[in-house]
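In: here's my sequence, what's the structure:
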Amino acid sequence: MSGQLKEVRNRIKSIQSTQQITKAMKMVSAAKLRRAQDAILQMRPYAEKLQEMLQNIVSNAEGNIDMALAASRPVEKVLIVAITSDRGLCGAYNTNVIKLTKQVIREKYAAQFAKGHVEILPIGKKAWEHFSKNGYKINDKFWNIFGHLTFDAVKEAAAVALNGFVKGEYDAVDIVYSEFKNAATQRFKVEPFLPIVKEEGAAEGKKQQLKADFIFEPEKDVLVAELMPKILNTQFFKAVLDAHASEHGARMTAMDKATENAGELLRNLKIEYNRARQAAITTELTEIVSGAAALMG
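Out: The predicted structure is shown next:
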């Protein structure tokens with residue numbers, strides 16, 4: 001009986017230690033989430049307006065404007081940017097991104113993958129570890145961006161996609177990431193990055209909304225050639241910021257749930273411990289009474 005009590009006490013101490021760790025991780029994630037959330041919420045309206053401007057320019061382009069980044073061609077070579085986190089303990093966050101990436105390959109680029117023409121650009125250690133260990137063709141130069149997250153660092157990763165598309169190394173570029181909604185909700189999505197999609201099939205109202213009579217200074221082709229990469233870099237950065245905020249939200253939620261589960265385990269173990277202790281005391285009293293009765297008899 002004493003051995004059983006000791007075992008329960010050890011389990012209680014172990015769970016209490018774990019609960020302290022999960023509480024601390026929850027608080028750290030909450031602080032990081034606040035900063036990451038502010039960054040993406042401030043960035044999103046700017047990025048959305050730039051995206052609208054880009055769609056407008058591409059959809060209404062006329063003349064001999066260089067639209068290399070909007071050139072649609074048969075898809076033979078594909079680049080998929082998979083954005084995960086560097087660390088775990090954030091629920092199913094990383095698993096969902098990896099699963100969605102594989103689903104895109106299986107459902108959209110199966111023929112290209114069979115020919116070895118699908119390349120993964122992992123951002124985040126978890127994506128890099130998984131795809132490199134499982135034999136995927138990867139570009140492993142930018143997986144550690146979250147160690148020093150800046151626009152310039154992300155722009156270098158985006159340049160791989162932009163330059164590769166212009167040179168014909170890729171015919172399509174997709175980004176797989178988690179769009180941040182709130183601390184408890186992330187929406188995992190696949191976003192076509194290149195080529196820039198023209199809104200040719202839009203409804204008439206949408207067409208009218210996209211149509212704008214811009215006055216270009218300098219010349220339109222010069223401005224477009226300079227503006228398009230900058231807007232795409234911004235879109236890429238927004239996806240990374242979304243993923244960064246989603247990671248901290250997922251980890252905070254996971255650690256909060258882990259802390260609650262630890263509390264429930266502690267309650268059950270304390271009840272078990274008290275019952276075992278009461279049984280041990282009852283057994284000892286019974287033995288004492290039985291021994292006294294035997295002596296008196």
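In: wait, Ala280 sits on Leu5?
Out: Yes - if you go by Cβ atoms under 8 Å, Ala280 and Leu5 touch, sitting 6.7 Å apart. No exception for glycine: its C-beta is placed from N, CA and C like everyone else's.
In: helices of the stretch 1-150 of the chain, start to end?
Out: Remark: helices assigned in the stretch 1-150 of the chain by DSSP state H, counting those that start in this stretch are 2-59, 93-108, 110-114, 125-133.
In: the shortest one - what's its average pLDDT?
Out: In other words, helix 110-114. Across helix 110-114, pLDDT averages out at 96.
In: could you do stretch 266-277 as well?
Out: 90.
In: Ser132 contacts Ile138, correct?
Out: Yes - between Ser132 and Ile138 there is a contact at 5.7 Å, judged by Cβ under 8 Å.
In: what about the stretch 101-250 of the chain, any weak spots by pLDDT?
Out: Along the stretch 101-250 of the chain, segments meeting pLDDT under 70 span 198-216, 220.
In: same thing but 50
Out: Along the stretch 101-250 of the chain, segments meeting pLDDT under 50 span 201-207.
In: for it, which segments are assigned as strands?
Out: Per DSSP state E, counting those that start in this stretch, the stretch 101-250 of the chain carries strands over the ranges 118-123, 172-182, 185-194.
In: Leu149 is in contact with His244, isn't it?
Out: Yes - applying Cβ under 8 Å as the test, Leu149 and His244 come out as touching, 6.5 Å apart.
In: compare these two (neighbour count), which wins?
Out: Remark: of Leu149 and His244, His244 carries more neighbours, 27 against 14, as counted by other Cβ atoms under 10 Å.
In: so what's the nearest residue to the more buried one once chain neighbours are set aside up against?
Out: The spatial neighbour of His244 that comes closest, neighbours along the chain excluded (Cβ to Cβ, 6 or more residues apart in numbering), is Ala36 at 4.9 Å. Residues in contact with Ala36, defined by Cβ atoms under 8 Å, 6 or more residues apart in numbering, are 180, 241, 244-245, 247-248.
In: which of those count as buried?
Out: Buried subset of the contacts of Ala36 (neighbour count, 16 or more other Cβ atoms under 10 Å): 180, 241, 244-245, 247-248.
In: and the longest helix along the chain, what does it pack onto?
Out: Ranked by residue count, the top helix of the chain under DSSP state H comes out as helix 220-296. Applying 3 or more Cβ pairs under 8 Å, 6 or more residues apart in numbering; DSSP states H and E, we find helix 220-296 packed against helix 2-59, strand 78-83, helix 93-108, helix 151-167, strand 172-182, strand 185-194.
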